[in-house]
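Colleague: Prediction below, plus the sequence it came from.
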Amino acid sequence: MSTRKIALIAFGGNALLPPGSSGTVEEQLAAAEETARDLIGIIKQGYKLVIVHGNGPQVGNALIRAEESTNKVPMISLDVCVAQTQGEMGYLLNRGLYNELAKCSISMPVITLVTHCMVDRHDPSIQNPSKPIGPFYAQHRAEELKKTRNWNIIQDSGRGYRRIVASPKPISVMEMDFIKHVINTTDSILICGGGGGIPAYIGNGDQKLYGIEGVIDKDFTAALIAKELKADLFIIVTQIDRVAVNFNTANQKFLSKVSLSEIKEYQIEGHFPPGSMGPKIRASIDFVENTGKEVIITRSDLLNSSLLGKSGTHIIPDK
């Protein structure tokens, strides 16, 4: 049994598909290798690595491709789309990590696991979807999709019509026993929970597994897996080097080290909006409360200095 410490790192889909890129495989592979270089330092510091990634841009592109080819091939459901992007991104990250590990003469298997997250089929977000996703549609196409696909579609800020879907809270990870086995018995890098996982539930009557046309916030899934693994460290990678309160005001203040009680007070005061830093802070609070371990929120290129306490926001348990 391996005795190395466990670090779980969560980052968004923009890590492989940054804004402004054209989205070619070559660009995504180069981004995967750059991300892998940032991760190597964590391994060198004695941690086993579990990776949970977002997939927002990738799902958006997949849905655009599906819409453009709708007259030639059947449209795919959103749960299948999440599964596809898990495999696609896992493959690119696997290649990136393999190549960077080889440069450092490190031999370590990289495993990608297509992951289901179980949700409550009566989650309020399923009855009242609000998460915009996919391409913008003209009005006539939006009306057609409402009738033929029974989609919920709204007008989005005057830019066109867009589908909204459920974003239920993850309750458990279907493959958790396997994840624990891999991490607790091998020195492997595991990529799992991609895109927050495929939202799914077990039917009450037939006990069958069903997918849901929705998306799960990857930070909530990452916190759930980190708790189950009793991870020693939970890292959330974002576009900023530190979390700020009073963001974009004259009173803006960056947080370097903050206690659990302090970050909860800032949350109550409304410093972390739901559409940006809110889910990351909620996931961080959940992890620290349940494990007594530390969360780091930082940029990818500052991972190594953040591990040394020189960068990032460190959310720590109360003394």
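Modeller: Great, that's in hand. Bear in mind that the values here come from a model prediction, so they are computed numbers and not experimental data.
Colleague: And the pLDDT at the residue of the chain most remote from its centre?
Modeller: Largest separation from the mean C-alpha position in the chain: residue 140, at 33.4 Å (CA atoms, centre = their mean). pLDDT recorded at residue 140 is 92.
Colleague: Does it lie in a helix or a strand, and which?
Modeller: helix 139-149 (DSSP states H and E).
Colleague: need the next SSE after that helix, C-terminal direction.
Modeller: strand 152-155.
Colleague: Report the buried residues of the longest helix seen in the chain.
Modeller: Criterion DSSP state H: the longest helix present in the chain is helix 78-103. By neighbour count on 16 or more other CB atoms under 10 Å, the buried set for helix 78-103 is 78-79, 81-86, 88-98, 100-101. All C-beta spots, glycine's among them, are computed from the backbone N, C-alpha and C.
Colleague: what's residue 89 in contact with, if anything?
Modeller: 13, 16, 53, 55, 58, 194-195 (CB atoms under 8 Å, 6 or more residues apart in numbering).
Colleague: Restricted to strands, list these.
Modeller: Using DSSP state E, residue 53 are the members of these that sit in strands.
Colleague: out of the contacts of residue 89, what pair is the most spread apart?
Modeller: The most widely separated members of the contacts of residue 89 are 16 and 195, with 11.9 Å between them, by CB to CB.
Colleague: Common neighbours of the two, please.
Modeller: With CB under 8 Å, 6+ apart as the test, residue 16 and residue 195 both reach 53, 58, 89.
Colleague: Which residue, other than its chain neighbours, is closest to residue 47?
Modeller: Once flanking residues are discounted, residue 47 sits nearest to residue 7: 3.9 Å by CB to CB, 6 or more residues apart in numbering.
Colleague: State the number of residues packed around that neighbour.
Modeller: Burial of residue 7 is recorded as 25 neighbouring residues (other CB atoms under 10 Å).
Colleague: That one sits in which helix or strand?
Modeller: Using DSSP H and E, residue 7 sits in strand 5-11.
Colleague: CA atoms of the helix or strand just after that strand as CSV?
Modeller: Per DSSP H and E, the first helix or strand lying C-terminal to strand 5-11 is helix 25-44. Extracted C-alpha coordinates of helix 25-44, given in CSV (Å, rounded to 0.1, in the frame of the first residue of the first chain):
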residue,chain,number,x,y,z
VAL,A,25,-6.2,19.2,-31.1
GLU,A,26,-2.6,20.5,-31.4
GLU,A,27,-3.5,23.6,-29.4
GLN,A,28,-5.2,21.5,-26.7
LEU,A,29,-2.3,19.1,-26.5
ALA,A,30,0.1,21.9,-26.1
ALA,A,31,-2.1,23.3,-23.3
ALA,A,32,-2.3,19.9,-21.7
GLU,A,33,1.5,19.7,-21.7
GLU,A,34,1.8,23.1,-20.2
THR,A,35,-0.7,22.1,-17.5
ALA,A,36,1.2,18.9,-16.9
ARG,A,37,4.4,20.9,-16.3
ASP,A,38,2.7,22.8,-13.6
LEU,A,39,1.5,19.6,-12.0
ILE,A,40,4.9,17.8,-11.9
GLY,A,41,6.1,19.9,-9.0
ILE,A,42,3.2,18.5,-6.8
ILE,A,43,4.4,15.0,-7.6
LYS,A,44,8.0,15.9,-6.8
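Colleague: wait, residue 313 sits on residue 294?
Modeller: No. Look at residue 313 against residue 294 with CB atoms under 8 Å: they stay out of range, at 10.6 Å.
Colleague: So between the two, which is more surrounded?
Modeller: residue 313 (25 against 17).
Colleague: what's the distance between the spatially closest residue to residue 264 that is not a sequence neighbour and residue 313?
Modeller: In this structure, residue 264 finds its nearest non-sequential neighbour in residue 285, 6.1 Å apart by CB to CB, 6+ apart. Residue 285 is 13 Å from residue 313, where distance means CB to CB, to the nearest Å.
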